[in-house]
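A.B. asks: predicted model and sequence below, questions to follow.
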Amino acid sequence: MSLSRRSFLTATAAIPAWAAAAPAGESPTPARKPLKLGISSYSYWHFRTEKFPIETVIEKACEYGVEGVDILHRQMAGEDTAYLNRLKKHAFIHGVDLICLSIHQNFVSPQPEIRQKNISHTLHCIELAYQLGIPCIRLNSGRWGTIESFDELMARRGEEPPLEGYTEDDAFGWCIESIEKCLPKAEECGVVLALENHWGLTRNPEGVLRIVNAIDSPWLGVLMDTGNFLEDPYPQLEKMAPKTVFVQAKTYFGGGEWYTLDLDYARIAQILAGVHYKGYISLEFEGKEDAETAVPKSLDLLRKAFGA
């Protein structure tokens, strides 16, 4: 069957960025399996007063043909066994995987008892993930807390001064020691710890990799949040890509809750393809548009870029 030029162009236009053919004269690379998509439950909540039910997020994922749901721990309605089992069953009967438990902690404190409280919280959440059948949890390093206003923190690009009498080296030491204390439980439960490029110590790729490389454990990797580098994100994402085990992909339809980035997901797809990333791409919609319309648009954007 012959193929007209117009038909050929139409067909090839649908090929995602990561699946481009090899240049002439080079051996073709094996076809890559399309990456799987997830939806973060945060996409429907944004820390508003009334929590959006995780069960409904699971139903939305099923409706949109999305393979997984990334649960924000603070959005859960409880932690009792009955609730956890209901979530697990609900996901199963809807054909949706529970893929990540995104939790909060702060290891940046000179007080050992505060660091231990956050270690205990992390160990508890590892066990929650295990009960839910979730293979990954999101970690934060934490931050000094010397800037209280989030707007001011953003104006300073996530950077804040240390507490008086302490240094960033102190903070990195506390964080590394704290995460190391969580790793035996992570290995026991089969739950990968994924350190996010967030504010504080992990506001840049050098901070993320300083922690991950110092610990050097197969149970600790990087969670790449595409929206947490406010300037020139692509070289920074590229630095983290080889250690990335999970991706949270930000979109901002209607303008961002705190800021808006115009992210080139075709370029990000190429960065991840360059390191043979095979994991999930989890949507984190953080715009002001109604999630009912913005989430489907966001998923279309990610599907075009990643071929999911």
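C.D. replies: Happy to help now that I have it. Residues are numbered from 1 along each chain as shown.

A.B. asks: chain neighbours aside, what residue packs nearest to residue 255?
C.D. replies: residue 288 (5.1 Å; CB to CB, 6 or more residues apart in numbering). Where C-beta positions appear, they are placed from N, C-alpha and C, glycine not excepted.

A.B. asks: what is the neighbour count of the one you found?
C.D. replies: 13 (other CB atoms under 10 Å).

A.B. asks: for residue 68, same thing?
C.D. replies: 22.

A.B. asks: wait, what's in contact with residue 108?
C.D. replies: When contacts are counted by CB atoms under 8 Å, 6 or more residues apart in numbering, residue 108 touches 141-145, 171, 174-175, 200-201.

A.B. asks: which residues does the residue nearest to it when sequence neighbours are not counted contact?
C.D. replies: The shortest distance from residue 108 to any non-neighbouring residue, by CB to CB, 6+ apart, is to residue 142 (4.1 Å). By CB under 8 Å, 6+ apart, the contact list for residue 142 reads 105-109, 118, 175, 200-201.

A.B. asks: and which of these is nearest residue 231?
C.D. replies: Using CB to CB, residue 200 comes nearest to residue 231 of the contacts of residue 142, at 17.3 Å.

A.B. asks: show the backbone phi and psi for the closest one.
C.D. replies: Backbone geometry at residue 200, expressed as degrees, to the nearest 10, gives phi 80, psi -140.

A.B. asks: my guess is it contacts residue 146. True?
C.D. replies: No: in this structure, residue 200 is not within contact of residue 146 by CB atoms under 8 Å, at 10.5 Å.

A.B. asks: more neighbours: these two, which one.
C.D. replies: residue 200 (22 against 11).

A.B. asks: what strand or helix carries the most centrally placed residue in the chain?
C.D. replies: For the chain, the residue nearest the mean C-alpha position is residue 248 (3.1 Å; CA atoms, centre = their mean). Secondary structure assigned from DSSP states H and E places residue 248 in strand 244-251.

A.B. asks: just the angle for the next helix or strand after that strand relative to strand 244-251, thanks.
C.D. replies: Using DSSP H and E, the helix or strand that directly follows strand 244-251 along the chain is helix 265-274. For helix 265-274 against strand 244-251, the angle by axes from the mean of the first three to the mean of the last three CA atoms, to 10 degrees is 180 degrees.

A.B. asks: buried residues in helix 265-274?
C.D. replies: By neighbour count with 16 or more other CB atoms under 10 Å, helix 265-274 contains the buried residues 265, 268-273.

A.B. asks: where do the helices sit along this structure?
C.D. replies: Secondary structure of the chain, counting by DSSP state H: helices at 5-13, 54-63, 81-93, 112-132, 150-155, 168-189, 205-215, 233-240, 265-274, 291-306.

A.B. asks: which of the contacts of residue 142 tops the neighbour count?
C.D. replies: Neighbour-wise, those (other CB under 10 Å) top out at residue 175, 30 neighbours.

A.B. asks: picking that back up, isn't the residue nearest to the centre of the chain up against residue 226?
C.D. replies: Yes: between residue 248 and residue 226 there is a contact at 7.0 Å, judged by CB under 8 Å.

A.B. asks: quickly note the distance from the residue lying closest to residue 293 once chain neighbours are set aside to residue 72.
C.D. replies: Once flanking residues are discounted, residue 293 sits nearest to residue 253: 7.7 Å by CB to CB, 6+ apart. Distance, residue 253 to residue 72, by CB to CB, to the nearest Å: 19 Å.
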